[in-house]
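Engineer: Predicted coordinates and the sequence they were generated for:
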Number of protein chains: 2
Amino acid sequence: MTKPAIEIKLSKSKKQKPLAEQLEFGKVFTDHMFLADYLEGEGWSNHRIVPYEPLMLDPAATIFHYGQTVFEGMKAYLDKDGSVRLFRPEENMRRMNQSGERLCMPQFDVENALDALKQLIITDREWIPATEGTSLYIRPFMIATEPYLGVAPSKKYIFVIILSPVGSYYKEGIHPVKILVENEYVRAVAGGTGMAKTAGNYASGLRAQEIADRKGYSQVLWLDGVERKYIEEVGSMNVFFKINGEVITPALNGSILDGITRKSIIQLLNHWNVPVTERKISMEEIRSAQQEGTLEEAFGTGTAAVISPIGEFNWSDEKLVVNSGETGELSKKLYETLTGIQKGDLEDPFGWTFEVPDPAIV
Amino acid sequence: MTKPAIEIKLSKSKKQKPLAEQLEFGKVFTDHMFLADYLEGEGWSNHRIVPYEPLMLDPAATIFHYGQTVFEGMKAYLDKDGSVRLFRPEENMRRMNQSGERLCMPQFDVENALDALKQLIITDREWIPATEGTSLYIRPFMIATEPYLGVAPSKKYIFVIILSPVGSYYKEGIHPVKILVENEYVRAVAGGTGMAKTAGNYASGLRAQEIADRKGYSQVLWLDGVERKYIEEVGSMNVFFKINGEVITPALNGSILDGITRKSIIQLLNHWNVPVTERKISMEEIRSAQQEGTLEEAFGTGTAAVISPIGEFNWSDEKLVVNSGETGELSKKLYETLTGIQKGDLEDPFGWTFEVPDPAIV
Ligand SMILES: Cc1ncc(COP(=O)(O)O)c(C=O)c1O
Ligand SMILES: Cc1ncc(COP(=O)(O)O)c(C=O)c1O
């Protein structure tokens, strides 16, 4: 297969860049975006980088009515040598295709996606913030665009990549959060779309998050939709527990996202000879461990926060404090190692780093 | 509350209308659409009818990433006196608000929605097809438009109504369909969004529908996501069974849509003194009834088909034929009564009809 050429149309004017210390998450976008078009029977075409601008879509486009969409999220860092580093982006692009399969959407070649990403980052390179903790958030997504109201897979799609400079997740240092265990609402169920990064999963989670916010909790812990006993995820993160020296995380069961941070942590723990198990784990078990004093740490994992230590669970009004509400040793070590590798401050023995060369230097 | 004025900007050119006999479902749209804008803290504004045209949305708009959207579907008929009739549209607008609540979306005043709908239908009145079985399909929908990648309810929305002239659902007369009972995939689960008419539910159903298509079945029968035993819906329809003279339909349990056709049928059956029960019903029970010869009829119900008789269920390769694969008496009577009332050929003792006056006559 020949590589599709990427046509580049540069923006006539440049937007003003926000100050690094004022950066938030996902509110400001760079000057350009990547786009490609899909038509059933013809495949992908028209790979292009264009000025960041509104998408024009027919009001009857499938995305608005039947939600055929998948997305990804990753970050690019500027390392101390001025190189741009991405963390396992091929894993994101592969996962996007897995998500797409569940939603009856076309595949996008992983190599082509990485090429597009590289070109786009080179184009908007000066948007990558440099101060500690900041990064360039990358959002690839694919949406169904056929103007047809029948409930059926769309025959047309667009694949888009947008970029957003984001501030540090931990402006005041890494600190543990309080989590509300959700007993009423369900994020996903076996046989549903929980393993896919698709819009509907996030829409369905908003209501529970709103309730948690109001009660002063920063995220919800999702239980399985069948027995409401087993732990699935926390907010939009995977979740880990350290009990009696052993690290445990819910096994991938079809309703949990196969997180890239999760996968990397398992690899790191194996490398460090820390025992780690993927299996079913119930809230009952967490409570017992907490009461017996063997629940040593708990943390969420995901691209945005990397590691988010958990200081307290509220389960049906019972409060289970973890590690006196402090960040645990292992959480800290994982955070430092992962972010160190991501930013190029630490060696990367796993080959996780994807470098985007500076065209001015090459 | 004062009624918002609707500004009307007419299209400069008119599109060519398709011939009635060539009409399909949801592929052709009229000359205009209705729009209104929502901003948190300010409410709805800018109620307008404009030429049907693409929506321009920021690539970071919530709808593309986190799927905050709800929609409705209803039909308008031209009656023999040239009046336009809608069937219980206030129920649709109420349900849209219920759906929106689950998705943390703003409410849209039901009266204002009906006014907008009336104005839009008057504007595009000549698009309503007149031949037997044809109608004007109405698609109101609300989407989240704030350009922000944080997982949170959007602060901006648009409410849109589009219209599509559609052909007869039963071009060759009403006939029973074959249904595949779905054991692997799940449409919705208690605690999820099944009771809401929102995009994610439809995206998640596409895969199973594709498999059913390939096997020669026209729809899937969804089972509950917890025990995989109880019947929920059939395709995008509610489902009814007649067993030993009694009509049974799954009770509204949070994962089933509160269908307006379903509700009307229950009312009609009560009116006719036909026993009707809303309760849990399992596939086991259907099989037993079929084997004992007491499964008299089965049918799906929804706006598109009104009544869709079921001639066969395939449950794990066991084929359960219903009423020798023929349309049952009750199915036929319900179909004729409902469509008769909808088109104004029969009296409407329930006040279900909503008339849109012809401005040329008034
Ligand atoms: C639902 C959900 N679970 C888990 C994760 C963590 O995945 P990753 O580590 O690949 O970012 C994400 C994304 O960040 C997510 O959206
Ligand atoms: C999932 C689902 N169930 C049932 C129905 C039937 O509802 P109604 O009778 O209001 O059209 C619909 C919509 O048509 C639907 O989308």
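Structural biologist: Nice, thanks for sending it over. Residues are numbered from 1 along each chain as shown, chains lettered A, B, ... in the order given. Ligands and ions are numbered 1, 2, ... in the order given.
Engineer: closest point of chain A to ligand 2, which residue?
Structural biologist: For chain A and ligand 2, the shortest gap (Cβ to the nearest ligand atom) falls at A:V151, measuring 7.8 Å. Placement of C-beta: from N, CA and C, glycine included.
Engineer: Next one: that residue from B:Y52, what distance?
Structural biologist: Distance, A:V151 to B:Y52, using Cβ to Cβ, to the nearest Å: 21 Å.
Engineer: re the thing from before, list the contacts of the residue of chain A closest to ligand 2.
Structural biologist: A:66, B:202, B:205-206, B:209, B:235-236 (Cβ atoms under 8 Å, 6 or more residues apart in numbering or on different chains).
Engineer: pLDDT wise, what is it at?
Structural biologist: What the model reports as pLDDT for A:V151 is 96.
Engineer: For the residue in the stretch 51-200 of chain A that chain B sits nearest to, the count of nearby residues, please.
Structural biologist: Taking Cβ to the nearest Cβ, chain B has its nearest neighbour within the stretch 51-200 of chain A at A:G200, 1.9 Å off. Number of residues near A:G200 (other Cβ atoms under 10 Å in any protein chain shown) recorded here: 30.
Engineer: thought it was touching A:G67?
Structural biologist: Yes: under the criterion of Cβ atoms under 8 Å, A:G200 makes contact with A:G67 at 5.3 Å.
Engineer: quick one: common contacting residues for those two?
Structural biologist: With Cβ under 8 Å, 6+ apart as the test, A:G200 and A:G67 both reach B:67, B:198-201, B:203.
Engineer: now the helices for the stretch 251-362 of chain A?
Structural biologist: A:260-271, A:283-292, A:329-343 (DSSP state H, counting those that start in this stretch).
Engineer: tell me the angle the longest one makes with helix A:260-271.
Structural biologist: Relative orientation of helix A:329-343 and helix A:260-271, computed by axes from the mean of the first three to the mean of the last three Cα atoms, to 10 degrees: 110 degrees.
Engineer: which residues of chain A score low on pLDDT?
Structural biologist: Along chain A, the model assigns pLDDT under 70 to residues A:1, A:360-362.
Engineer: Mind doing that once more with 80?
Structural biologist: Across chain A, the ranges flagged by pLDDT under 80 are A:1-2, A:172, A:358-362.
Engineer: Tell me the residues of the stretch 251-362 of chain A that contact ligand 1?
Structural biologist: Selection of the stretch 251-362 of chain A residues close to ligand 1 by Cβ under 6 Å from any ligand atom yields A:257, A:259-262, A:301-303.
Engineer: Could you rerun that using 5 Å?
Structural biologist: A:257, A:259-261, A:302-303 (Cβ under 5 Å from any ligand atom).
Engineer: what about the residue nearest to A:Q22 when sequence neighbours are not counted, neighbour count?
Structural biologist: If the residues on either side of it in the chain are set aside, A:Q22 comes closest to A:G167, at 7.6 Å by Cβ to Cβ, 6 or more residues apart in numbering or on different chains. A:G167 has 21 neighbouring residues, counting by other Cβ under 10 Å.
Engineer: try A:N97
Structural biologist: 17.
Engineer: Please save the CA atoms from the helix or strand harbouring it in PDB.
Structural biologist: Using DSSP states H and E, A:N97 sits in helix A:89-102. Extracted in PDB, the C-alpha atoms of helix A:89-102 (Å, rounded to 0.1, in the frame of the first residue of the first chain):
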ATOM      1  CA  PRO A  89       0.900   6.500  20.200                       C
ATOM      2  CA  GLU A  90       0.600   3.300  18.100                       C
ATOM      3  CA  GLU A  91      -1.300   1.800  21.000                       C
ATOM      4  CA  ASN A  92      -3.800   4.600  20.900                       C
ATOM      5  CA  MET A  93      -4.300   4.200  17.200                       C
ATOM      6  CA  ARG A  94      -4.700   0.500  17.500                       C
ATOM      7  CA  ARG A  95      -7.200   0.900  20.300                       C
ATOM      8  CA  MET A  96      -9.100   3.400  18.100                       C
ATOM      9  CA  ASN A  97      -9.500   0.700  15.500                       C
ATOM     10  CA  GLN A  98     -10.700  -1.800  18.100                       C
ATOM     11  CA  SER A  99     -13.200   0.700  19.300                       C
ATOM     12  CA  GLY A 100     -14.300   1.300  15.700                       C
ATOM     13  CA  GLU A 101     -14.900  -2.300  15.100                       C
ATOM     14  CA  ARG A 102     -17.400  -2.500  18.000                       C
END
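Engineer: quick one: it near ligand 1?
Structural biologist: No: contact between helix A:89-102 and ligand 1 is absent, the nearest approach being 7.0 Å (criterion: Cβ under 5 Å from any ligand atom).
Engineer: element containing the residue of chain A closest to ligand 2, please.
Structural biologist: Using DSSP H and E, no helix or strand contains A:V151.
Engineer: Strands along the stretch 51-200 of chain A, start to end?
Structural biologist: A:55-57, A:69-71, A:74-78, A:84-87, A:135-144, A:156-166, A:177-182 (DSSP state E, counting those that start in this stretch).
Engineer: partners of the third one, with directions?
Structural biologist: When you say that, I think you mean strand A:74-78. strand A:84-87 (antiparallel), strand A:135-144 (antiparallel) (DSSP bridges).
Engineer: I'd like those strands as a markdown table, with mean neighbour count and distance to ligand 2 appended.
Structural biologist: Below are the strands paired with strand A:74-78 laid out as a markdown table (neighbours: other Cβ atoms under 10 Å in any protein chain shown; distance: least, Cβ to the nearest ligand atom, whole Å):
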| stretch | mean neighbour count | distance to ligand 2 |
| --- | --- | --- |
| strand A:84-87 | 22 | 40 |
| strand A:135-144 | 24 | 17 |
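Engineer: Nearest to B:Q107 among those would be which one?
Structural biologist: strand A:135-144 (26.5 Å; Cβ to Cβ).
Engineer: Contacts only, for the residue nearest to A:E7 when sequence neighbours are not counted.
Structural biologist: Excluding the flanking residues, the one nearest A:E7 by Cβ to Cβ, 6+ apart is A:R48, at 4.5 Å. Contact partners of A:R48, counting by Cβ under 8 Å, 6+ apart, are A:6-9, A:34-36.
Engineer: and if we set it to 10 Å?
Structural biologist: Neighbouring residues of A:R48 by Cβ atoms under 10 Å, 6 or more residues apart in numbering or on different chains: A:4-9, A:32-37, A:116, A:119.
Engineer: can those residues go into CSV with extra columns for distance to A:E182 and neighbour count?
Structural biologist: Output for those, formatted as CSV (distance: Cβ to Cβ, whole Å; neighbours: other Cβ atoms under 10 Å in any protein chain shown):
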residue, distance to A:E182, neighbour count
A:P4, 44, 17
A:A5, 48, 8
A:I6, 43, 19
A:E7, 46, 11
A:I8, 46, 14
A:K9, 46, 10
A:H32, 39, 25
A:M33, 35, 23
A:F34, 36, 24
A:L35, 37, 20
A:A36, 38, 22
A:D37, 39, 16
A:A116, 37, 25
A:Q119, 41, 19
